[in-house]
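[1] just need the structure, nothing else, for what follows:
(one chain, ligands or ions: 1)
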Amino acid sequence: MTQPFAPAAFPYARPRRLRSSPWVRRLVAETTLTPADLIWPLIVHDGAEDRQPVASMPGVFRLSPKAAAQAAVEARDLGIPAVALFPNVDGAIKDAVGTGATDPDGLIPDCIKAIKDAAPEIGVMCDVALDCYTDHGHDGVVEGQRILNDATLERLAEQAFIQAHAGADIVAPSDMMDGRVQAIREALEANGLQDVMILSYAAKYASAFYGPYRDAVGSAKMLTGDKKTYQMDYANTDEALREVAMDISEGADAVMVKPGMLYLDIVRRVSETFRVPTFAYQVSGEYAMMRASMANGWLDEDRAILESLHAFKRAGCAGVLSYFAPQAARLMGA
Ligand code: PBG
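    Reported below is the predicted structural model:
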């Protein structure tokens, strides 16, 4: 943007006047960050333990449905509006087409119900993709080396229906197949679930920063090859606008950019161009690299968390998915 006026020259202009005390800094702040800007991603599992630590994500645990419900209560009490669920299921149920993704009595429906019982005021968002359920770790149905787009759409629509039917408020396709938003929207409409929101991972890049997450959900050891034929090339930004335009026209209510901190240029372009609620995901690798330097005493923990999240608001985000959500909300309340 161009400067709308010619600034006065020193000594009349002293920008530091507006920074001279905490009250004036608060008064002139252009953006704010509150717990209402946060979505807390929860890794859930079907293992025996209520809370099992994730080695590459210090402070993050794989949660049983019961522990997930407790986390939702914590989120509600902290003023966090929503949680997002990601499953780690027993490897034995994984197969080529991700059958577990559409089990109406599976882990995710169990967690949705437990959360809705414990904290009905909280929004529940679910990841729509097959990677957590396939024995090849890809988000879609595979034939040889190819990830089949249209065959995957049917699986995703059914998965989203199962989640919405179990009580999910938001379904969030993260698979990057073409046409998935329309397929999901049609399935929801056809089944009386027209009020369920779609938050599409519209601009999702093929990124090294998903590494710790794939460890957390157990897809890392399964994955063969990479996801570059469906997730976006990080060299591109116009392409993100085309992806977002498509998802909105297919019926997405809100969109997401992912990863987060390295992609705030994309957030800025998307939010300014489309003026729809734009979210971003501060992903596992971003969380892990910050935690690692905090553990070494190289970054001041509290300040680094708040500054990193505020950057998303400044770039134009309506909200941020972050594993720091509960800690950040506590810092904001303090
Ligand atoms: C998969 C999915 C991924 C994440 C959320 N959903 C990883 C991937 O695409 O391989 C990443 C989240 C994170 O890194 O925190 N559909």
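[2] return the residues in contact with Pro277.
    For Pro277, the contact set (CB atoms under 8 Å, 6 or more residues apart in numbering) comprises Asp253, Ala254, Val255, Ala318, Gly319. Glycine gets a C-beta too; all of them are placed from N, C-alpha and C.
[3] what's the separation between it and Leu33?
    Distance of Pro277 to Leu33, computed by CB to CB, to the nearest Å: 16 Å.
[4] all helices for the stretch 201-334 of the chain, in order.
    Listed in chain order, the helices of the stretch 201-334 of the chain (DSSP state H, counting those that start in this stretch) span 211-217, 238-249, 264-274, 284-295, 301-315, 325-333.
[5] next, format those as TSV and append mean neighbour count and distance to the ligand.
    Output for the helices of the stretch 201-334 of the chain, formatted as TSV (neighbours: other CB atoms under 10 Å; distance: least, CB to the nearest ligand atom, whole Å):
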stretch	mean neighbour count	distance to the ligand
helix 211-217	21	3
helix 238-249	17	15
helix 264-274	19	16
helix 284-295	19	3
helix 301-315	18	14
helix 325-333	19	12
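[6] make JSON lines out of the ones you listed and add mean pLDDT.
    Output for the helices of the stretch 201-334 of the chain, formatted as JSON lines (pLDDT from 0 to 100):
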{"stretch": "helix 211-217", "mean pLDDT": "95"}
{"stretch": "helix 238-249", "mean pLDDT": "98"}
{"stretch": "helix 264-274", "mean pLDDT": "98"}
{"stretch": "helix 284-295", "mean pLDDT": "98"}
{"stretch": "helix 301-315", "mean pLDDT": "98"}
{"stretch": "helix 325-333", "mean pLDDT": "97"}
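[7] can I get those helices in CSV including distance to Ala82?
    As requested, those are exported to CSV (distance: least, CB to CB, whole Å):
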stretch, distance to Ala82
helix 211-217, 18
helix 238-249, 19
helix 264-274, 19
helix 284-295, 18
helix 301-315, 15
helix 325-333, 10
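[8] and Asp46, how close does it get to Leu223?
    If you go by CB to CB, the gap between Asp46 and Leu223 works out to 20 Å.
[9] my error: substitute Gln231 in the last question.
    From Gln231 to Leu223 the distance is 12 Å (CB to CB).
[10] more crowded one of the two?
    The neighbour comparison of Gln231 against Leu223 (other CB atoms under 10 Å) goes to Gln231, with 20 against 14.
[11] grab the nearest non-local neighbour of the more buried one.
    Ala206 (3.8 Å; CB to CB, 6 or more residues apart in numbering).
[12] state the pLDDT value of that neighbour.
    Note for Ala206: predicted pLDDT of 98.
[13] likewise the one 4 residues further on?
    At Tyr210, the predicted lDDT confidence score is 97.
[14] good, wrapping up.
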